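**Student:** got a predicted structure plus its sequence, pasted below:
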Amino acid sequence: MAMRSAMASLLLLLPPLLSVVSMPISAPVAAQAGDDEATALLAFKAAAVAGGAYDGDPLASWNSSGAGGWFCSWEGVRCGRRHRRVVVLSLPSRGLAGTLSPAVGNLTSLRILNLSSNWFQGTIPASVGRLARLQTLDLSYNTFHGGLPANLTFCASLLFFDLSSNRLHGRIPAELGRDLANLQKLSLANNSMTGGIPASLANMSSLYHLDLGTNQLEGPIPPELGSIGGLRFLYLNMNNLSGVLPHSLYNLSMLQELSVVNNSLAGSIPANVGERFPRIEVLHFSANQFHGTIPGSLSNLSALKDLQLVQNSFSGYVPPALGRLKGLVSLNLFSNKLEADDRGGWEFITALANCSQLGFLDLEYNSFSGKLPSSIANLSTTLQLLGVGDNRISGSIPSNIGNLVGLQSLGMENTSISGVIPESIGRLENMAVLEIYNTRLSGLIPSSLGNLTQLNVLALYSCNLEGPIPASLGNLKNMFVLDLSANRLNGSVPREILKLPALSYYLDLSYNLLSGQLPSDVGMLANLNQLILSGNQLSGSIPDSIGNCISLERLLLDQNLLEGSIPQTLKNVKGLALLNLTMNKLSGNIPDALSSIGGLKQLYLAHNNLSGLIPLGLQNLSFLLKLDLSFNDLQGEVPKGGIFANVTYFSIYGNDQLCGGIPRLHLAPCSMSNAVAQASITRVKSSRR
């Protein structure tokens, strides 16, 4: 009894004693914890900056003086208020190009780890699974590879999980849905994940954002996903998913954006879809195998802004009821089997005039026929893209097309549109791309096109346009493509268009009735890749200034009336791959200068009046694949090396004074006088160099 009483008295004294003892101990313990955190951070830095993407130290503020809690002031680091433990490590877009150190798993109080938009490589260390308090893990836009570490599921506090845009592969673990039940955002987009979508993801009842797009996932979409009642963003695009779109997905009443683009999904859109998605704003079903009609009930989706049904097999009429979608911004029906003709089906165009925010309307590659409704010019002035090409539509371009002042791109190509190009088209001053090629348009090219100073691409080829090329096109200082080929245009090549500073991709005026000389201003096209003037009636000589077109890769002047010699200045066009001067009246020798164009692949000089010897240097052009020198007045010995060693790749027919060459040419052997003459000419040319 006395012993028990004494023990009780001793125990009463223990709490104050322990507190006294603990006071001197707590400081070393805290210091040790701080040292551990600093050590982990420095190990993280050592691995992260190895092979950095930028010069210098991207984490210069991180140094060994971080002991004792000073690391909390390092860039991207934040510590808790009541202790000196790291709770945030956020270093997006810092140019870090090393690996992620396993030491990051020692930062056990970490709530946020954001290393997005760097160049991290290697695998994601399994030690990340030790971060039990982690709420945000963002490693997106790096180059991590390998699979998802299985123990990431131990991060049971995770709310936001983003590993998008890496090089991850393997299956999505079913455990994610079982163990990360609190997750609100999951993004594994733009990786190489394989296998099926785990049905267990439906256990994430708080999920509002699910992005598995741009992977290699396959199989059906689990119907269970339709039970995630709070889901607002669902992206399953760019995979190999198949089967039908589960009807359960239409129960997601909170859904705002749904994309299943580029899969192999089939089936039709339910007729009552307008009763199922009250908040939907973006609906992307493109590039699948959907069929059937477009339901008119879509018009009940009052929040819908973006409807993309591209490259499917939808048929029938476009419902005019879509005109009730006041907030519709984009309607893309490209490449389906939709119909309209003069008997009906075009009413939707008139109805869409009510969509005051419409900016994008693409109807190309369908089965629309009949006359293009004039009401198309009544669409919203906010319209930026209008595509009706590759249909069987006829009629004319509405005279008031100029009302669509917001247009930046207009496509009416490969149709039976006829009549003239309205003068009012010159009011479309925001136009960047105008494509009305392969139609039945006739008449003049309106000079008002010169008002479209933002134009980059003008393609009016394969029509019946006539008259001169307007000099006003010289105002189009931003144009890099001009194609007026295969019309009946006449007059000369305007100097004004040869002075366009941005003209760089190609200029094609071929197969018209253009005449006169090619102006020396052609030398101002220093950025042009392709100059195509074939099939006209151009005369005079080829200007020496052509040698200033130093960016040319293809030069086609064939089927004209050009005369004189081939300019020596072509040697300056070092990147020239194709030169076609066939069927002109060119004379003189083939210049040795052509032998110095090392990248030349195709050379066509047939049907001219060229004379003299074939330059020996042509056999040294190692990239030359096609050579046609036929029907000229060439003489002397045919070289035997390079392209001349295979008759499949060159032609010299119609040059009766040639001799020698490989046996398969069956030419007469060259006489001694031929050989002496050729050697003499070669010495003279060498001395001139």
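**Tutor:** That came through fine.

**Student:** now the strands for the stretch 451-600 of the chain?
**Tutor:** 457-459, 464-468, 481-483, 488-491, 506-508, 513-517, 530-532, 537-541, 554-556, 561-564, 578-580, 585-589 (DSSP state E, counting those that start in this stretch).

**Student:** which stretch among those strands approaches residue 194 most closely?
**Tutor:** strand 457-459 (40.1 Å; CB to CB). All C-beta atoms are positioned from the backbone trio N, CA, C, and that covers glycine.

**Student:** just the mean pLDDT for that closest one, thanks.
**Tutor:** Mean pLDDT, strand 457-459: 98.

**Student:** which elements pack onto it?
**Tutor:** Applying 3 or more CB pairs under 8 Å, 6 or more residues apart in numbering; DSSP states H and E, one finds that strand 457-459 contacts strand 433-435, strand 481-483.

**Student:** okay, those in CSV with mean pLDDT next?
**Tutor:** Listed next are these as CSV, based on pLDDT from 0 to 100:
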stretch, mean pLDDT
strand 433-435, 98
strand 481-483, 98
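
**Student:** mean neighbour count and distance to residue 496 added to those strands, as CSV?
**Tutor:** Below are the helices and strands packed on strand 457-459 laid out as CSV (neighbours: other CB atoms under 10 Å; distance: least, CB to CB, whole Å):
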stretch, mean neighbour count, distance to residue 496
strand 433-435, 20, 18
strand 481-483, 21, 11
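
**Student:** any idea how many residues pack against residue 580?
**Tutor:** Residues near residue 580, counting by other CB atoms under 10 Å, number 21.

**Student:** pLDDT score assigned to it?
**Tutor:** 98.

**Student:** now it: how far from residue 558?
**Tutor:** 4 Å (CB to CB, to the nearest Å).

**Student:** mind jotting down where the helices sit in this protein?
**Tutor:** For the chain, applying DSSP state H gives helices covering 2-48, 175-179, 347-352, 672-688.

**Student:** can I get the strands of the stretch 451-600 of the chain in a markdown table including distance to residue 601?
**Tutor:** Below are the strands of the stretch 451-600 of the chain laid out as a markdown table (distance: least, CB to CB, whole Å):
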| stretch | distance to residue 601 |
| --- | --- |
| strand 457-459 | 26 |
| strand 464-468 | 33 |
| strand 481-483 | 23 |
| strand 488-491 | 30 |
| strand 506-508 | 17 |
| strand 513-517 | 27 |
| strand 530-532 | 14 |
| strand 537-541 | 24 |
| strand 554-556 | 10 |
| strand 561-564 | 22 |
| strand 578-580 | 6 |
| strand 585-589 | 21 |
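
**Student:** with distance to residue 326 added, can I get the helices and strands packed on strand 457-459 in a markdown table?
**Tutor:** Output for these, formatted as a markdown table (distance: least, CB to CB, whole Å):
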| stretch | distance to residue 326 |
| --- | --- |
| strand 433-435 | 28 |
| strand 481-483 | 37 |
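
**Student:** nearest residue to residue 155 in space, please, no chain neighbours.
**Tutor:** Closest residue to residue 155 apart from its sequence neighbours, by CB to CB, 6 or more residues apart in numbering: residue 134 at 4.8 Å.

**Student:** tell me how far the one you found lies from residue 183.
**Tutor:** Taking CB to CB, one finds residue 134 at 12 Å from residue 183.

**Student:** okay, the residue lying closest to residue 664 once chain neighbours are set aside: pLDDT?
**Tutor:** Residue nearest to residue 664 in three dimensions, not counting chain neighbours: residue 647, with 5.1 Å by CB to CB, 6+ apart. Confidence at residue 647, expressed as pLDDT, is 86.
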